[in-house]
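**Q** here is a sequence together with a model predicted from it:
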Amino acid sequence: MINRNDKRPIYDQLVEILRNKIENEMEANDRMLSERRICDEYGVSRTTVRLAMADLEHMGYIYKRHGKGTFVSALNQSSQNLMDSYSFTDHMKSQGKKPSTKVLSFEVVESTKYFSEKLGIKPGEKMIKIVRLRLADNIPMMIERTYLPLRQFIGLTKEKVIEKPLYEIFKEDYGEIIKVADEEFSAGIISDQEAELLDVPLDSACLKLLRTTYNDDNIVIEFTLSVARSDKFVYKIRHIK
């Protein structure tokens with residue numbers, strides 16, 4: 001409960017109380033207590049509640065859906081650590097979740113200057129473009145736009161990508177052994193189309209990811225642009241002196 005003799009601001013105490021409640025009593029996607037109920041239960045003002053809820057949202061413990069309310073995010077449980085592995089499928093399985101993928105499009109196109117530079121091929125050379133929606137336990141998590149040099153993956157089909165994970169295809173069907181994957185990330189605002197696919201409110205925050213994958217000959221075999229839900233993903237980075 002709120003301790004009026006505590007020197008900390010009341011809203012700081014409320015943040016701690018609500019955070020503990022989320023971590024110990026609630027599940028991801030549970031509806032959060034209403035502002036009025038929090039006011040009544042803890043004897044605090046509506047302004048204090050709003051300050052505390054804003055902090056919890058910034059910390060990633062809750063998220064809002066326009067017209068539907070406020071809900072508990074997955075950050076307090078088992079958020080995706082994008083530094084652990086560049087395999088979405090393997091990471092979801094390690095968390096006890098069931099990964100699945102919807103292949104939204106598969107086409108062979110000519111590379112622009114930008115993508116030719118990223119893939120190490122000539123401008124106009126053919127490349128494969130794959131757009132996939134990645135899900136865990138049927139919850140949309142990420143949209144991936146993957147570009148592959150066609151010359152490295154002759155014969156690859158949409159049916160094959162639907163059948164098994166892309167990195168398994170690399171290894172088992174083409175003998176491509178991944179040596180390293182460089183990844184960059186930045187914050188952004190999700191587009192209307194992406195919001196619909198990921199089932200999040202319009203103008204939601206998101207993580208934008210850029211991954212370049214090299215084989216054991218140090219040749220680029222994949223360039224992927226991804227958009228991930230900010231309420232389901234967190235980056236963890238360790239700095240070592």
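**A** Thanks, I have it. Residues are numbered from 1 along each chain as shown.
**Q** count of neighbours near Thr157?
**A** 11 (other CB atoms under 10 Å). To be clear about C-beta, it is placed using only N, CA and C from the backbone, and glycine gets the same treatment.
**Q** how about it, phi and psi?
**A** phi -130, psi 160 (degrees, to the nearest 10).
**Q** for it, which non-adjacent residue is closest in space?
**A** Phe106 (7.5 Å; CB to CB, 6 or more residues apart in numbering).
**Q** model confidence for the one you found, exactly?
**A** Confidence at Phe106, expressed as pLDDT, is 97.
**Q** ok, it to Val131 distance?
**A** 8 Å (CB to CB, to the nearest Å).
**Q** what's the answer for Asp40, then?
**A** Asp40 is 48 Å from Val131, by CB to CB.
**Q** then Asp6?
**A** 52 Å.
**Q** who's more crowded, the two?
**A** A count of neighbours by other CB under 10 Å puts Val131 above the other of Asp6 and Val131, at 16 against 10.
**Q** in three-state terms, how would the more buried one be classified?
**A** strand (DSSP: H, G, I helix; E, B strand; the rest coil).
**Q** tell me how the chain divides into domains.
**A** 10-72, 88-229 (the TED database).
**Q** looking at the chain, which helix or strand is least sure?
**A** strand 80-81 (a mean of 46; mean pLDDT, DSSP states H and E).
**Q** export the longest helix along the chain as PDB, just CAs?
**A** Ordering each helix of the chain by length in residues (DSSP state H) puts helix 10-25 first. Coordinates of each C-alpha in helix 10-25 appear next as PDB, following Å, rounded to 0.1, in the frame of the first residue of the first chain:
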ATOM      1  CA  ILE A  10       3.500   8.800  -4.300                       C
ATOM      2  CA  TYR A  11       3.500   8.100  -8.000                       C
ATOM      3  CA  ASP A  12       7.000   6.300  -7.600                       C
ATOM      4  CA  GLN A  13       5.500   4.100  -5.000                       C
ATOM      5  CA  LEU A  14       2.500   3.400  -7.200                       C
ATOM      6  CA  VAL A  15       4.700   2.400 -10.100                       C
ATOM      7  CA  GLU A  16       6.500  -0.100  -7.800                       C
ATOM      8  CA  ILE A  17       3.200  -1.500  -6.500                       C
ATOM      9  CA  LEU A  18       1.700  -1.900  -9.900                       C
ATOM     10  CA  ARG A  19       4.900  -3.300 -11.400                       C
ATOM     11  CA  ASN A  20       5.000  -6.000  -8.600                       C
ATOM     12  CA  LYS A  21       1.300  -6.800  -9.300                       C
ATOM     13  CA  ILE A  22       2.000  -7.200 -13.000                       C
ATOM     14  CA  GLU A  23       5.000  -9.400 -12.400                       C
ATOM     15  CA  ASN A  24       3.500 -11.600  -9.800                       C
ATOM     16  CA  GLU A  25      -0.200 -11.700 -10.400                       C
END
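**Q** alright, calling it a day.
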